[in-house]
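K.L.:
Provide a 3D model corresponding to the input given below.
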Amino acid sequence: MSARPLLVVDGDSLAHRAFHGLPKTTRDGAGRPANTLVGIANMLITLWDATSPRAILTCWDTLTTPTYRHEAFPDYQSGREFDPALVEQLDRLPGLSENFGFPAAKADGYEADDFLAAACATETAHGGTATVVTSDRDAFQLVSDAVDVLLPRRGVVEVERVGPAEVVERYGVEPSQVVDFIALRGDPSDRIPGAKGIGPVRAAALLQEHRSLDQILAEGRFAAEADALRLYRDIATMRADAPLPPLPGSTPSWSRAATWARDAGLESLAKRLDIRA
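P.N.:
Numbering: from 1, shown residues only. Below you'll find the predicted structure:
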């Protein structure tokens, strides 16, 4: 991996960690919930210091607009309910990122996952490397010799780095097989049911033997579920065609971030940023 990767941050994944990791009594100057804002700001500072990336891109879902995944499979992510205090802060987080000098990717019809894939594809196509920060193991499909994943353990102070060997160790399949693995095994968090009676061990064994879902189906397995399994694979696939903002090499705008924090009434955060400006 390059010493100066593009750091691609799954903003929604980290936002949930921040929301549940900091006191919900944290408020901004207007009395609005601010624990997630403060948590994400602290995480971005820590990530910049720990990884020395050439740039940071933060990636976000749009909760108010369904994606093609929801339209193709209505049960996708059904039943999820977010605390209103978190939703309010999610709307403000792309602006926080941009005030730090870190571009934000968010657009109707796309999930944060898609921006992760697009950023990795774009960066590696130009000979660069990328590091994805997320708690979502679906991102293992992006791993390659030029892309790794950082799984947060305690905030983002402690992380586990996942490369191709670690994907094989965890799942028993290669990164290129991860979407087929998800289709067969299912994904309860996204309400993807998978093949009937197939768990992770059996899914991995089938892919080790047959190499791909297409080959498994071509040999007549799961005939009654074939169309559904192809749909589950499509839903699990992170799209690399999501629109990205320009991603030039950049350094943080600590002074602008401090001004933003002070204007928001987050004085402790502003003072932390002042020291870096």
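
K.L.:
For the stretch 101-250 of the chain, which segments count as strands?
P.N.:
104-105, 130-133, 147-154, 158-162 (DSSP state E, counting those that start in this stretch).

K.L.:
what residue ranges in the stretch 101-250 of the chain score low on pLDDT?
P.N.:
In the predicted model of the stretch 101-250 of the chain, residues 155 satisfy pLDDT under 70.

K.L.:
hey, where'd the helices end up in it?
P.N.:
Counting by DSSP state H, counting those that start in this stretch, the stretch 101-250 of the chain has helices at residues 112-125, 164-171, 178-185, 200-210, 213-218, 226-236.

K.L.:
closest one to residue 266 among the strands of the stretch 101-250 of the chain?
P.N.:
Smallest distance to residue 266 across those (Cβ to Cβ): 18.6 Å, for strand 104-105. Placement of C-beta: from N, CA and C, glycine included.

K.L.:
Sheet partners, orientation included, of the closest one?
P.N.:
Paired strands of strand 104-105, with direction, are strand 55-59 (parallel) (DSSP bridges).

K.L.:
Give me the buried positions along whichever helix or strand comes after the partner strand.
P.N.:
On the C-terminal side of strand 55-59, the closest following helix or strand by DSSP states H and E is helix 68-72. Buried residues in helix 68-72, counted by 16 or more other Cβ atoms under 10 Å: 69, 70.

K.L.:
Give me the buried positions along the longest helix along the chain.
P.N.:
Looking across the chain with DSSP state H, the single longest helix is helix 35-51. Across helix 35-51, burial judged by 16+ other Cβ under 10 Å covers 35-45, 47-48, 51.

K.L.:
With stretch 248-259 instead?
P.N.:
For stretch 248-259, by 16+ other Cβ under 10 Å, it's 252, 253, 254, 257, 258, 259.

K.L.:
Kindly export it (C-alpha atoms) in CSV.
P.N.:
Written as CSV, here are the backbone C-alpha positions of stretch 248-259 (Å, rounded to 0.1, in the frame of the first residue of the first chain):
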residue,chain,number,x,y,z
PRO,A,248,-7.2,16.7,-5.4
GLY,A,249,-4.5,16.2,-2.8
SER,A,250,-5.4,18.4,0.2
THR,A,251,-4.6,19.4,3.7
PRO,A,252,-7.2,20.0,6.4
SER,A,253,-8.6,23.5,6.9
TRP,A,254,-8.2,23.5,10.7
SER,A,255,-8.8,27.2,11.0
ARG,A,256,-12.1,27.0,9.0
ALA,A,257,-13.1,24.0,11.0
ALA,A,258,-12.5,25.9,14.2
THR,A,259,-14.6,28.8,13.0
